[in-house]
Structures are given as structure tokens and as C-alpha cells.
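Q: what follows is a predicted protein model with its sequence.
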Amino acid sequence: MRILVAMSGGVDSSVVAARLQAEGHEVIGATLQLYDSRGAAKKGACCAGQDIRDARAVADRLGFPHYVIDAERRFQDSVIERFADAYAAGETPVPCVACNQGVKFTDLLGLAKEIGADAMATGHYVRRVEGPQGVELHRPVDSARDQSWFLFATTREQLEFLRFPLGDMPDKAAVRDDAEKFGLVVAGKPDSQDLCFVSDGSYVDLVERMHPEMAGPGEIVDSAGQVVGHHEGVMRFTVGQSKRLGNAARLNGERQMVVGVEPGRRRVIIGPREHSFVSSLSVRDVNWLVDAPPEGLSCHVQMRAREVPRPARIVPTADGALVHLTEPAMPAPGQACVFYDGTRILGGGFIRREANASAA
Amino acid sequence: MMSHTHNRDAQNRVVYLDANATEPLRPQAREALIEAATLTGNPSSVHKAGRLARAVLETARDDVAQMFDVAPLNCIFTSGGTEANVLAMHGLSHGHRFLVGATEHDAVRKGVPEGTPCQILPVKMDGQLDLDALEQALAQDETPAFVCVMLANNETGVLHPMTDISATCRKYGAHLHIDAVQAAGRMAFSVATTGANSLAISGHKIGGPKGAGALLLAGPAPARVSPLFEGGGQEQGRRGGTQPLPAIAGLSAALKAAMETPRDLSTLRNKLEQAAVSAGAVVCGGAAPRLGNTSSLALPGRQAQGQLMRLDLANICVSAGSACSSGKVAFSHVLQAMGLEDLAGQAIRVSLPWNVEEADIDKFIQAYAGMAQSASPVLGL
């Protein structure tokens, strides 16, 4: 097969390329340039200047063609601006989902088809399984590196075309061993972490630059609007968190948490932890990886990148789905709510803001 | 068996149609390059080894100067086209304001000294400089103008109406600097016939080695040019640094070969272009007079990046205008300036080198037609 491999310049996607080539496939490497590497690109994150050099060095060593794809404008429009806008709307966005869905699995995948590739492979830790009813998306063997939550929005059509060779790897050490075996210069390279497009973890600066109205200190209020404290910036708060509340962390003997963020007024709204949980929530932009069940279905849901899935019942609606939690929780608007059946992803959507309050 | 092997070789052969990026080394240039590389001396040294090196350098200078009809001491060797352009723009522009053509190469567009006023001169739809706009820009301000216009465009091959441009510049006492990097060796001209005050050329675009270019100056020699860096005062104090003798000897030999045996590539280019047009392509700048080796082919609705990769995977080397150092395909400011925004990300540049063969053209035509006919997903990139 002719396979386009999305190469970040890191160990994972390099090993993917090397393995596929060793299996006899015609490998074509592509690295997305998502932002100007001369800018404040973050060290240890994907696609800075050194990462493109590394991806090239791997391709040259293995002897397959490699291309750098300019996706700067698309990335700015479809990921960075939407990321900042979501914060400005009081949500906690997941930019990696937007990037996977737009720049990677729409644009790059389209380019792969354009050049006559039969498939596109990435270094994501997730398993693609050919099931009796078509392709399925599963958690990887190595649960420590599970990226399935970030890939819930992958459509079935995209999944048909995609390959994730690392889904079966037992652990990262095995991937590094492979890199050594193939003689790849990136074998010892540190893993990328956090958001690739911000330097020094300072996505706060980036968002505040794009939405100056959010910058600066503000008030912490209770659900009645009473000022109970002050904060240094709304960007540091996500619904459900209890940290950074200072003296307001405990009021009237009750532990408090963030129940809402109003970026325009720079207000953080808190409420007692015990009484603020919701038992149902609404999700939008739902992607089903099974035929949408008209009657609904029971499964587990995961509402943050790292958390234990909890039992729930999903009921599809005209514009998304309602999620009824068996035990109340505090979902953060803008985050993904992904539906799992064991290791398999059934679907998922983005948590709506409005429903949190109304469903209480 | 033999013919089978032969067929496969023919299929795997790389077809190089990216002359405007760089040309294959001419055998004469290779010979001169190697000969000069065996010389030990520094041309500035007074001893015998130095004299031998100096003789090679000055012979090259005489030859290049003669080919462009300037005084030998008005041929300043540089590291290439970019430096020759920037040296002129910095070293000759004191007290001037800049007028820069909209389709100039980045070497020139980004070569304007910081803090110096600069106005961009528009081009017409066909890619040629708008003469009325030039005249207007020259007339509206008494500060002397430093006008930068290229002889032939690197993406489209479009030739600017240089006779009219230089006459207009003379009328207003403006300095005319011509970037002739793509034109040198591919069409007949001299500094005098273009009317340039200064003119930049590059060795590797004409089959010479990379690493040498020249700034050629009209008028009596040695013309004064403030150096970008003084160093040891080489090139009459106008360009410091030991001259790269092999690259300079190769440049001179390549130019000589190009001028002594000129080859009109327009017949092959036109054949290729006609086939591309029947496959659905639009020729950008096709209405203007052009260099014979260059064609800018837009395939509406098809991203240049994909076209480039597809052709590359078929062993055909073309480009999509200027590529930046990372290798990503940049958006074409040339086509944008021509009012072809919609096609700017969809055009590839095919440029034929001095040694192109008809079989190369045929192979390109076959691959291009196949690409044009294939399904075309809509891409966001």
C-alpha cells in the first residue's frame, strides 16, 4: 500500500513510518508546519523547526520522500482562534481534538487521497479494529498513553482510511526499542507535552492577547452574586476546580469549587462542592462511531482527558445528546464527553454550557 | 530482458524541470570549477600561488564583464543573486527612495534598507509592470528614486517592458536596478541594452555552481559602492571576503557556454503548455512576452502542494514558485499581484533546464494529464 505517515518529528510517528516501511509499504512522510518555528514555539512540543529537521532526517535515513505541509493559516483559524474564542465564551476547550479533526484528519487526509495514498497513518496511541459491523476505535494496549479521548470526533469514513500502528504497543519503552532497532536519531527524544503551540505553558498569555477583555484580576462570587474573593485572571479557572480559590476555598464550613466562569465580566462563580454536581448534561457536535441508537444506550462516559469513566445513559437529541449520569459530577463546558463500551469508543460530543445549570 | 530493464530505468529516471530554482551543472562549468579548486593561492596574495589564483579570477571578471558589456572593474563578484541585489540596494541607494515591482523576488522585496521609504509598483493582469504607475510614482516626489524591476520573473517568466521602463527612469533621473538572475544566459542582453544602472546575476541559475553571482554596474569604473561588509577590502573595497574562486570560474564558464550555444526552449515549453491547457490548466502570464523556458500552470481547484507531491512521486521535479527554507510551499505573491488570487495556491512552475530533452516533456505531459483527470478532493490547506 502507499501510506502517508503524518510525522511530527518525534519518536512515535517516526517508528510508525519505519515499521510500515519494513512491512513493505510505500511510505510517504508529511510534516505539518502549524506555526512559524522562528516564533515562540515551545521546546519539546511538536512541529517546531528542530522537529521538521528530525522528521526529515528519519525520512532521509530510511529513504522515503518527505514533505512539509504549510498549515499555518488553517491552524491559526481552526485551532488557535477557536481555542481562544472558547475560553472567551467561558469554556475549557480541547484544541487537540480540533486539530485532529480539522488540520490532520480533514486536510492532511485529503492530501493523502489527492496523491493516491491508500491509507494515512499517525503515531497516536489508539487501536483501530476491523469489527463485524465495520471499523471500530478502541483504547490502546498501553493505557498510560491512551489518546482515544482526543480522537472521539474521528468519523467512520476517516477511520476507514486511517491506521494507528502504535495502538498495540505494550509501552513506550517498546517504541523506543523499535526506534533504536531502526537506527532512528529520534530514539532518545523527549516526549512532547501539553499544547504544542504555546511556549512555557503560557496559553494564558496567548488567549489574553487575543481577548484583552479577559486579562486582569477580577472577583470571585457565590451563586447569589456576593463577592467572596478576588483572583488574578479568569483564564486560570475551569469549571469543577477547587484550586486557586484562596480564602473562598471553604465558605460556611463547606468546600467550594468553580461552577461557572464569566470571562467578559472577569468573574469566577463558585458554589459548595457537595451541592453543585449535576446528574445530566447536554452535548453538541456528537460523533457516533456506531449507528446512532434512537432509544439511547447505557455505557461509560469520560469527561476529562485523564479520569476514570463513569456509568451513564446517552439519549440522542435533535442537536446532540443528553447524558444522564448514574452519579452526579461536575463537567466542564467545552470539554469532550466520550462514550465508551469497555475499550471501544461509541461516540462523543462537546459539553454544552447551558445544560450544567439547568440539569441540576 | 534488456528492453524490460531499459523501460524500468526510463520510468525511474528523474525528470528535472525546475531550472529556475537551480540548473544542472554544465560540463564546461564543472571543468572550470575543478581546475580552479586545485589552485592553492588566495587571489589577494602577492606570491606566485596568489598570482595564479588572481589570474583565474581576473580572467573570469574580464569575461563576465565583456558578456554584459561593462568595464571589468564594474563586475563585482558576490556569493550569489541575493547578495548582488542586496549589495546594490544598500550600497548604491544613499539618499534615494525605493520603488519596487510587486512581483520581484524576495531577495529584492526584502532587500530594501530598513527605514527607507518604499513604494510597491503594481503589475498589470498579464504580469508586466504598469508603466503609468511607474511614471506617476516617479513624478510625485522629487527625492531621487531607486527603481527595482526584474528582467524576467522567476515564477511566470514574464518579461517586463525594459526599454520603456529604463527610458522613464532616465527621464526622472532615477537609478534602475535590474534583477537579471533568471534572464542571464537564457536571453540576449547587456547592461547597456537593458538601460540598467546596476544589474544582478547568479551563477547556478545558468548551469554554474552555487556560491557565486555578480553585481554589474554601468558607467566608468570603478563605480563606488558602499560594501555590506568591508573585510579585507576585496573587490575594490566593495565586497569583503576571499573570493570563492571555483564558483566564480564556474560561473564564467557556464555563462560562456550559455551564450555561445544558446538554445531556444520555447518550442518544447509550448508543447508542454498546450498539452497542459488541454488537460484543464491555465497559463499564468501567458499573454505577456516570457522567457522561453518557464511556464506557470494553474489547475483550478487543485492545491499546488498536492500537485507537487504527486509529480514528485512520479519522479518529476517542478516547484510551486519560491519555496521557503523549511520546504513548505509558500503562497505566491506574484500571482496575487497579477490579480490571480484564486489561482495563487494552485499553480506549479515548470522551468526547463539547458539540457532538457523532448522525452522529459513527454513524461511530464503524461503525468500531468493523469493528475488532472484524477478525482480531486477539495482541500483546506
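A: Right, received. Where do you want to start? Numbers count the residues shown, from 1 in each chain, chains lettered A, B, ... in the order given.
Q: contact partners for A:Gln21?
A: A:Gln21 is in contact with A:27, A:62, A:64, counting by Cβ atoms under 8 Å, 6 or more residues apart in numbering or on different chains. Where C-beta positions appear, they are placed from N, C-alpha and C, glycine not excepted.
Q: just put the residues you listed in JSON lines and tack on neighbour count and pLDDT.
A: Formatted as JSON lines, the contacts of A:Gln21 follow (neighbours: other Cβ atoms under 10 Å in any protein chain shown; pLDDT from 0 to 100):
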{"residue": "A:Val27", "neighbour count": "27", "pLDDT": "98"}
{"residue": "A:Leu62", "neighbour count": "18", "pLDDT": "96"}
{"residue": "A:Phe64", "neighbour count": "19", "pLDDT": "97"}
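Q: between the residues you listed, which is nearest B:Thr22?
A: Checking these against B:Thr22 by Cβ to Cβ gives A:Phe64 as the nearest, at 23.4 Å.
Q: in the stretch 201-350 of chain B, which spans are helices?
A: B:234-237, B:245-260, B:266-278, B:304-313, B:333-337 (DSSP state H, counting those that start in this stretch).
Q: out of those helices, which is closest to chain A?
A: Counting by Cβ to the nearest Cβ, chain A lies closest to helix B:304-313 out of those; the figure is 3.9 Å.
Q: quick one: distance of that closest one to the chain centre.
A: Relative to its chain's centre, helix B:304-313 lies at 23 Å (Cα atoms, centre = their mean, to the nearest Å).
Q: and chain A, is it touching that?
A: Yes: applying Cβ under 8 Å from any Cβ of the partner chain, one finds helix B:304-313 touching chain A at B:305-306, B:309-310, B:312-313.
Q: residues near the nearest residue to B:Leu176 once chain neighbours are set aside, how many?
A: Spatial nearest neighbour of B:Leu176, excluding adjacent residues (Cβ to Cβ, 6 or more residues apart in numbering or on different chains): B:Cys169 at 4.3 Å. When neighbours are defined as other Cβ atoms under 10 Å in any protein chain shown, B:Cys169 has 25 of them.
Q: now the one 5 residues further on
A: As a burial measure, the neighbour count of B:Ala174 was computed by other Cβ under 10 Å and equals 22.
Q: work out the gap between the top helix by length along chain B and the centre of the chain.
A: For chain B, the helix with the greatest residue count under DSSP state H is helix B:48-68. The chain centre lies 24 Å from the centre of helix B:48-68; the measure is Cα atoms, centre = their mean.
Q: kindly report the same for stretch A:317-336.
A: Centroid displacement of stretch A:317-336 relative to its chain, using Cα atoms, centre = their mean, is 17 Å.
Q: may I see the buried residues of that stretch?
A: A:320-325, A:329-336 (16 or more other Cβ atoms under 10 Å in any protein chain shown).
Q: export these to a markdown table and tack on secondary structure, pLDDT and distance to A:Arg127?
A: As requested, those are exported to a markdown table (DSSP: H, G, I helix; E, B strand; the rest coil; pLDDT from 0 to 100; distance: Cβ to Cβ, whole Å):
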| residue | secondary structure | pLDDT | distance to A:Arg127 |
| --- | --- | --- | --- |
| A:Gly320 | strand | 96 | 26 |
| A:Ala321 | strand | 97 | 24 |
| A:Leu322 | strand | 97 | 29 |
| A:Val323 | strand | 97 | 24 |
| A:His324 | strand | 97 | 28 |
| A:Leu325 | strand | 97 | 27 |
| A:Ala329 | strand | 93 | 27 |
| A:Met330 | coil | 91 | 30 |
| A:Pro331 | coil | 93 | 26 |
| A:Ala332 | coil | 93 | 27 |
| A:Pro333 | coil | 94 | 30 |
| A:Gly334 | coil | 95 | 27 |
| A:Gln335 | coil | 96 | 23 |
| A:Ala336 | strand | 97 | 18 |
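Q: before we move on, back to that, where's the residue nearest to B:Leu176, which helix or strand?
A: With elements taken from DSSP states H and E, the one containing B:Cys169 is helix B:162-171.
Q: buried sites along that helix?
A: In helix B:162-171, counting by 16+ other Cβ under 10 Å, buried: B:162, B:165-166, B:168-169.
Q: over to stretch A:342-357?
A: Buried residues in stretch A:342-357 (16+ other Cβ under 10 Å): A:343-353, A:355-356.
Q: and these near chain B, which?
A: Counting by Cβ under 8 Å from any Cβ, no member of the buried residues of stretch A:342-357 reaches chain B.
Q: ok, these vs chain B, which is closest?
A: Of all the buried residues of stretch A:342-357, A:Phe350 has the smallest distance to chain B: 20.6 Å, by Cβ to the nearest Cβ.
Q: the closest one contacts A:Val338, correct?
A: No: counting by Cβ atoms under 8 Å, A:Phe350 stays clear of A:Val338, with 10.2 Å between them.
Q: so of the contacts of A:Gln21, which ones are in helices?
A: Per DSSP H, the subset of those in helices is A:Leu62.
Q: same list (the contacts of A:Gln21) but as a markdown table, adding distance to chain B.
A: Output for the contacts of A:Gln21, formatted as a markdown table (distance: Cβ to the nearest Cβ, whole Å):
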| residue | distance to chain B |
| --- | --- |
| A:Val27 | 11 |
| A:Leu62 | 16 |
| A:Phe64 | 10 |
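Q: list the contacts for B:Glu358?
A: B:Leu268.
Q: coming back round to it: what's next to the longest helix of chain B, contact-wise?
A: Here helix B:48-68 makes contact (Cβ under 8 Å, 6+ apart) with B:35-36, B:39-45, B:71-75, B:77, B:189-191, B:199, B:201, B:214, B:216, B:243, B:245, B:248-249, B:251-252, B:255-256, B:259.
Q: quick one: name whatever helix or strand follows that helix.
A: Toward the C-terminus from helix B:48-68 - assigned by DSSP H and E - lies strand B:75-78.
Q: report all helices and strands that the helix or strand following that next one contacts.
A: Scanning forward in sequence from strand B:75-78 by DSSP H and E, the next helix or strand is helix B:81-91. Under the contact criterion of 3 or more Cβ pairs under 8 Å, 6 or more residues apart in numbering or on different chains; DSSP states H and E, helix B:81-91 touches strand B:75-78, helix B:106-109, strand B:145-150, strand B:175-179, strand B:198-202, strand B:213-217.
Q: how about the residue lying closest to B:Ala60 once chain neighbours are set aside, what does it touch?
A: Leaving out its chain neighbours, the residue that sits closest to B:Ala60 by Cβ to Cβ, 6+ apart is B:Ser252, at 3.8 Å. Contacts here follow Cβ under 8 Å, 6+ apart; on that basis B:Ser252 touches B:32, B:59-60, B:63-64, B:208.
Q: try 10 Å this time
A: Counting by Cβ atoms under 10 Å, 6 or more residues apart in numbering or on different chains, B:Ser252 makes contact with B:28-29, B:32, B:36, B:56-57, B:59-65, B:67, B:75, B:77, B:203, B:208, B:212, B:214.
Q: are any of these buried, and which?
A: Buried, going by 16+ other Cβ under 10 Å: B:28-29, B:32, B:36, B:56-57, B:60-61, B:63-65, B:67, B:75, B:77, B:203, B:208, B:212, B:214, out of those.
Q: OK, contacts around the residue in the stretch 151-300 of chain A positioned nearest to chain B?
A: Using Cβ to the nearest Cβ, the closest approach of the stretch 151-300 of chain A to chain B is made by A:Phe161 at 11.4 Å. Counting by Cβ under 10 Å, 6+ apart, A:Phe161 touches A:4, A:105, A:109, A:112-113, A:117-121, A:135, A:155.
Q: quick one, domains of the chain?
A: Here I'm looking at chain A. A:2-201, A:216-275, A:277-358 (automatic domain parsing).
Q: actually it's chain B I care about, not the one you picked
A: Using automatic domain parsing, chain B is parsed into the domains B:2-17+B:263-373, B:27-260.
Q: now mean pLDDT and distance to A:Glu219 too, for the ones you listed, in TSV please.
A: Listed next are the domains of chain B as TSV, based on pLDDT from 0 to 100; distance: least, Cβ to Cβ, whole Å:
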stretch	mean pLDDT	distance to A:Glu219
domain B:2-17+B:263-373	88	46
domain B:27-260	97	47
